[in-house]
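Asker: Need coordinates for the following:
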Amino acid sequence: MGLSTPPAGYRLVTRGDLDGLACAVLVTSCETVGEIALVHPQAVADGRFDVESRDIIANLPYGTGCAKWFDNHQLTDARSTPAPDFDGRYGQAPSAARLVYQYYLPSHQQLARHAELLDETDRLDSASLTVKDIVDPQGFILLGYTLDPRSGFGEFRDYFDHLLELIRDGAPGAVFDSPKVRERIAMMRRQDARFRELTLSHSRRDHNVVVTDFRSLDSKPVGNRFLVYTLFPEANVSLRIHWGPRKESVAVSVGHSILNRGCRTNVGVLMSMYGGGGHRGAGSCVIEIQKAEAGIAEIVQTLRRNG
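Answerer: Predicted coordinates:
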């Protein structure tokens, strides 16, 4: 299994979404982890996060010198190419957590108790969802929406840690009895109608592309990012724009529609051309303000051209 456990334990470096949470449940069930860092993938890709030799990186780009690495995102940047003998697992999979599971299961059969979490993480991370999963989500899909940083529900570190403990150590289903979880779900339900309204009023369809621009709002609205596909069923791909931190940049996210699956663009490759990355079906990038309008126009044209 590679390097022996460091004296103070590994540091798990992952992303604060459902896939990152599932990775954390699995890794901390199998390894001695002394610390968990929740990091945006761009910080690793740009070298702004200091990778250490005790790091287990999951659901993020490769960091040179880490102990183990697990990821299912497309490699579109030479800086993110791992050493040939890296420990961990990389490849096509519906989620990074699925790769973690495959790596540890032979020597940790107890992980099988998390089969439902893994199955639902696969569905959410690969956007293999139904209309009902969008308008009336249940179970771990609903939990994933409440955790997703892109949904805009605010500070999530304490919430992430709370979910990790409940899912890893609690009885099956205990997570949904938690007052914190119920409160988060209730908040999401309350925001749904307003988010739907704002998404509709700040979106336009350009042929097969639905473009949503939230930059005119004082703050990014909170809600389920998949709702746009129910509002614009003719579109097969979405482009969402909002301000980056402190309005010093423009954040762009692109995703294939999960209801109209005809888009042919490899989004991860397209986003890599603007310093970002992602999957074939979803990805994001951050563009400098002075280059944003031209970059967004180019991205839209590419999405239209590819159909």
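Asker: Helices along this protein, start to end?
Answerer: Assigned by DSSP state H, the helices in the chain fall at 18-30, 41-45, 96-104, 115-125, 131-135, 139-147, 157-169, 179-201, 227-231, 267-272, 289-306.
Asker: Relative to Pro94, how far out is Ile57?
Answerer: 19 Å (C-beta to C-beta, to the nearest Å). Yep, even glycine has a C-beta here, placed from its N, CA and C like the rest.
Asker: Could you do Asn224 as well?
Answerer: Taking C-beta to C-beta, one finds Asn224 at 20 Å from Pro94.
Asker: Which one's more surrounded, those two?
Answerer: Here Asn224 and Pro94 are compared on neighbour count by other C-beta atoms under 10 Å; more neighbours surround Asn224, at 23 against 20.
Asker: Return the distance of the more buried one relative to Leu217.
Answerer: When Asn224 is compared with Leu217 (using C-beta to C-beta), they lie 17 Å apart.
Asker: cool, and Ala174?
Answerer: Note on Ala174: its distance to Leu217, by C-beta to C-beta, is 37 Å.
Asker: Now tabulate the helices of the chain in CSV and tack on mean pLDDT, mean neighbour count and distance to Cys66.
Answerer: Shown next, in CSV, are those (pLDDT from 0 to 100; neighbours: other C-beta atoms under 10 Å; distance: least, C-beta to C-beta, whole Å):
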stretch, mean pLDDT, mean neighbour count, distance to Cys66
helix 18-30, 97, 25, 13
helix 41-45, 85, 19, 10
helix 96-104, 98, 24, 14
helix 115-125, 95, 20, 21
helix 131-135, 91, 15, 34
helix 139-147, 92, 21, 24
helix 157-169, 93, 16, 20
helix 179-201, 90, 15, 31
helix 227-231, 94, 19, 36
helix 267-272, 92, 21, 21
helix 289-306, 96, 15, 31
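Asker: nearest to Gly88, of those?
Answerer: helix 96-104 (6.7 Å; C-beta to C-beta).
Asker: can you list contacts of that closest one?
Answerer: 19-20, 22-23, 26-27, 29-30, 58-59, 70-73, 88-91, 93, 111, 114, 117-118, 121-122, 125 (C-beta atoms under 8 Å, 6 or more residues apart in numbering).
Asker: one more time with 6 Å, if that's ok
Answerer: In this structure, residues lying in contact with helix 96-104 by C-beta atoms under 6 Å, 6 or more residues apart in numbering are 19, 22-23, 26, 30, 58-59, 70-72, 89, 93, 118, 121-122.
Asker: cool, stretch 227-239 as well?
Answerer: Against stretch 227-239 from outside (C-beta under 6 Å, 6+ apart): 134, 196, 199-200, 205, 208-211, 254-260, 262-263, 303.
Asker: Domain-wise, how is the protein divided?
Answerer: 10-177, 197-306 (automatic domain parsing).
Asker: could I get those as TSV with distance to Met187?
Answerer: Formatted as TSV, those follow (distance: least, C-beta to C-beta, whole Å):
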stretch	distance to Met187
domain 10-177	7
domain 197-306	8
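Asker: Ok, which of these comes nearest Met188?
Answerer: domain 10-177 (5.5 Å).
Asker: so how far is Thr146 from Thr5?
Answerer: 33 Å.
Asker: can I get the helices of the chain in JSON lines with distance to Gly278?
Answerer: Shown next, in JSON lines, are those (distance: least, C-beta to C-beta, whole Å):
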{"stretch": "helix 18-30", "distance to Gly278": "13"}
{"stretch": "helix 41-45", "distance to Gly278": "8"}
{"stretch": "helix 96-104", "distance to Gly278": "13"}
{"stretch": "helix 115-125", "distance to Gly278": "11"}
{"stretch": "helix 131-135", "distance to Gly278": "20"}
{"stretch": "helix 139-147", "distance to Gly278": "17"}
{"stretch": "helix 157-169", "distance to Gly278": "21"}
{"stretch": "helix 179-201", "distance to Gly278": "21"}
{"stretch": "helix 227-231", "distance to Gly278": "17"}
{"stretch": "helix 267-272", "distance to Gly278": "4"}
{"stretch": "helix 289-306", "distance to Gly278": "13"}
